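Novice: kindly generate the corresponding structure for this input.
(2 chains)
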Amino acid sequence: MDLYRSHVLICAGTGCTASGSLSIFDVINEEIAKNGIQKEIKVVKTGCFGLCEVGPIMIVYPEGAFYSRIKADDIPEIVSEHLVKGRVVKRLLYHDSIAQDDTIKSLNEVGFYKKQMRIALRNCGFIDPENIEEYIAVDGYSALGKVLSEMTPNEVIETIKASGLRGRGGAGFSTGVKWGFAAYAPGDIKYVCCNGDEGDPGAFMDRSILEGDPHSVLEAMAIAGYSIGSEQGYIYVRAEYPIAIKRLTIAIAQARQYGLLGKDIFGSGFNFDVELRLGAGAFVCGEETALMASIEGRRGEPRPRPPFPAIKGVFGEPTLLNNVETYVNIPSIILNGPEWFASIGTQKSHGTKVFALGGNINNTGLLEIPMGTTLREIVYDVGGGIPGDKKFKAAQTGGPSGGCIPAAHLDIPIDYESLESLGSMMGSGGMIVMDENTCMVDIARFFLDFTVDESCGKCPPCRIGTKRMLEILNRITEGKGKSGDLEKLQTLASTIKAASLCGLGQTAPNPVLSTLRYFKDEYEAHIDQKVCVAGTCKALLRFIIIPEKCKSCAICAKACPVDAISGERKKPYLIDQVKCIKCGVCLEKCPFDAIVKR
Amino acid sequence: MKSLKELEEIRNRTLDSVGLRKDRSSGARVVVGMGTCGIASGARGILLSFIEEARVRNITDMTVVQTGCIGACRLEPMAEVFMPGSEKVTYVNLTSEKVRRIISEHIVNGKSVDEYTIGSSVGDTAKQGGI
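Specialist: Have a look, this model is predicted:
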């Protein structure tokens, strides 16, 4: 392999691809050829760097220059100035990567990366995911080699147990114990499955890992196969993740070609192969029994447990099912030892957790922090705070199954137990930050609307119960709430939680319960005073012209799309509340700040 | 893949390919002067020689970067070699043969090749004290 003096890494994750990184890849190769330096510079497409907010992202080594929001038009300048003449184009660098003395900060010093610790994302944005040799260069497949040549299946399971790794899909069950169940279950044929059916709104951790480091998932599944005595793995991934599917397909083909999947791996006599199964994007298929039904080609519906998948899973055989992020931790644990992993994080939650940060936050993106990092550090240090310096109101974790954490608990160290004690949950890692202008009733309504859509309909508590809850929430946000509504919501919620068949229904009321716990006053204001404090619920809003401030300029009347504003010279104008559609245009246009939202 | 040895071979072969993508403080740093003067007197060939020679000798922690005019245009092509913990050494009037010796004596063995340095070529720039 040739040595180059400079490597140009271009993010080819979904986020940066959507903002045009692939065309930048083509343009930069053209420009490099034009300048005749193709022997000196290597251009690599990598997985996600995490800072999706400022994409497309490009990092140039050895300087470590972090270019953000680059356009194809910037490329000739970067090539001729930086790559040919060696002068970094500071104008195009990510603003936080320039130190006060005008030098380039190392990536670990940039605010977004400073508090992060990358285990699951160790190779994302570092290697070319479509090149197995780059994965091997960063110790790829050596954990599998070690396991097959030096360890018994039982030793592997004990190692995973000792590391304290817990399921990253959300529930947090001990991974080692789960492997043990599958290993000791009687049966000649067993299966290893990977849950890549990432369904929470706003979550994209698994997608980024599958796109940026597909081989680590394959390696971990092979290790799992050896440990429980399985020769066949299935990765269940959403069809709406085309880049992840493409890279996985390439990775599987390469691993087979190199003999790292298939027969007699490392001459140990161990056989293992992996197939992809594409899901059509149903939220319920992230539930383990529904997912396995879907792998078999049946309708994605859950079934009662027990029997658990470890006893009776795919095709009725013992099955091990783990989430994508859980798997990618495995090779690192094998190579670095369980003590290393157990030393990271809090007492009961070891290691790191990947979060997809979104909502009202400056650094939208993908991050990985040690367990025990506080919510405040995530929001203000890694996340870079809230746009417009607005006040933090709450963070929602765990998606439609989780809950929200209010500002009073900003200093809580994030781990499985602490989040549960607050009525939320770790979940798969979606984290939505909300500022003071967010209506908590509306948020609860949004998540319930999602679960009503995604309920498979098999059991009545979930199918009918969530629908009734949504109707009540719709009424409240439309200003038609009645006294007794909150009690009814509570009763419905506890019934649905107790009686639903699967995790989807059992957790569906959580967003409502948690907002009721911390923001009951907002619910009451909606019902009793018909007021939405955050100013989000349109039906409860009124746009009013303050007569003393109105100069009768008629700008608002001209701007109003429905002619709801009228008036005459030298008299204050008036808004017809019946005609008004609450679009807010008048408020934006008024030069005298005479219009207010109430 | 039939043995761990095979995996190790691939890893050794490919390690260089990703070694560059790290913030580093160890290893030699070679800065080649590539202003108009440097380029005109063949600095690009010198830059490539450094890379090529590092590859031949399997040096993985060396960084080669470019800079603008170093100031003594008549002595181009020039390069500065920074070894961790010691003063920089400026080499002048470079050729591919000189580069090979610099790599083997200075970068591998830590002893600068004094006869190629700016100090041994009489010049007014050296008296300015800046170089």
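
Novice: helix, strand or coil for the residue nearest the centre of chain B?
Specialist: Nearest to the geometric centre of chain B sits B:Val30, at 3.5 Å (Cα atoms, centre = their mean). The three-state label given to B:Val30 by DSSP: H, G, I helix; E, B strand; the rest coil is strand.

Novice: how about it, what does it touch?
Specialist: Applying Cβ atoms under 8 Å, 6 or more residues apart in numbering or on different chains, we find B:Val30 in contact with B:50, B:62-65, B:79-82, B:107. Yep, even glycine has a C-beta here, placed from its N, CA and C like the rest.

Novice: grab the nearest non-local neighbour of it.
Specialist: Once flanking residues are discounted, B:Val30 sits nearest to B:Val64: 4.9 Å by Cβ to Cβ, 6 or more residues apart in numbering or on different chains.

Novice: confirm that the one you found sits in a strand.
Specialist: Yes: judged by three-state DSSP, B:Val64 forms part of a strand.

Novice: who's in contact with the closest residue to chain A within chain B?
Specialist: Closest contact between chain B and chain A, by Cβ to the nearest Cβ, is at B:Gln66 (3.0 Å). For B:Gln66, the contact set (Cβ under 8 Å, 6+ apart) comprises A:84-86, B:31-34, B:43, B:47.

Novice: neighbours around the closest residue to it other than its chain neighbours, how many?
Specialist: Spatial nearest neighbour of B:Gln66, excluding adjacent residues (Cβ to Cβ, 6+ apart): A:Gly86 at 3.0 Å. Residue neighbour count, defined by other Cβ atoms under 10 Å in any protein chain shown, stands at 20 for A:Gly86.

Novice: which element is A:Gly86 on?
Specialist: A:Gly86 is part of no helix or strand when elements are defined by DSSP states H and E.

Novice: again with A:Cys556
Specialist: Counting by DSSP H and E, A:Cys556 is found in helix A:555-559.

Novice: up against chain A, what does chain B have?
Specialist: Within chain B, the positions adjacent to chain A are B:1-4, B:7, B:10-11, B:13-18, B:20-24, B:34, B:47-48, B:50-52, B:54-55, B:63-68 by Cβ under 8 Å from any Cβ of the partner chain.

Novice: list the contacts of the residue of the stretch 151-300 of chain A found nearest chain B.
Specialist: At 3.8 Å from chain B, A:Gly259 is the closest residue in the stretch 151-300 of chain A, using Cβ to the nearest Cβ. A:Gly259 is in contact with A:265, B:1-2, counting by Cβ under 8 Å, 6+ apart.

Novice: out of those residues, who has the most neighbours?
Specialist: That'd be A:Ile265 among these, by other Cβ under 10 Å, with 25 neighbours.

Novice: so for it, what's the pLDDT?
Specialist: Looking at A:Ile265, its pLDDT is 96.

Novice: could you do B:Gly129 as well?
Specialist: 48.

Novice: the helices in chain B, which residues?
Specialist: Applying DSSP state H to chain B gives helices spanning B:4-19, B:36-40, B:43-56, B:96-101, B:124-127.

Novice: what's the most buried one of these?
Specialist: Mean neighbours per residue, mean count of other Cβ atoms under 10 Å in any protein chain shown, is largest over the helices of chain B for helix B:43-56, with a mean of 20.

Novice: and the angle for it with helix B:4-19?
Specialist: Our comparison of helix B:43-56 with helix B:4-19, counting by axes from the mean of the first three to the mean of the last three Cα atoms, to 10 degrees, yields an angle of 160 degrees.
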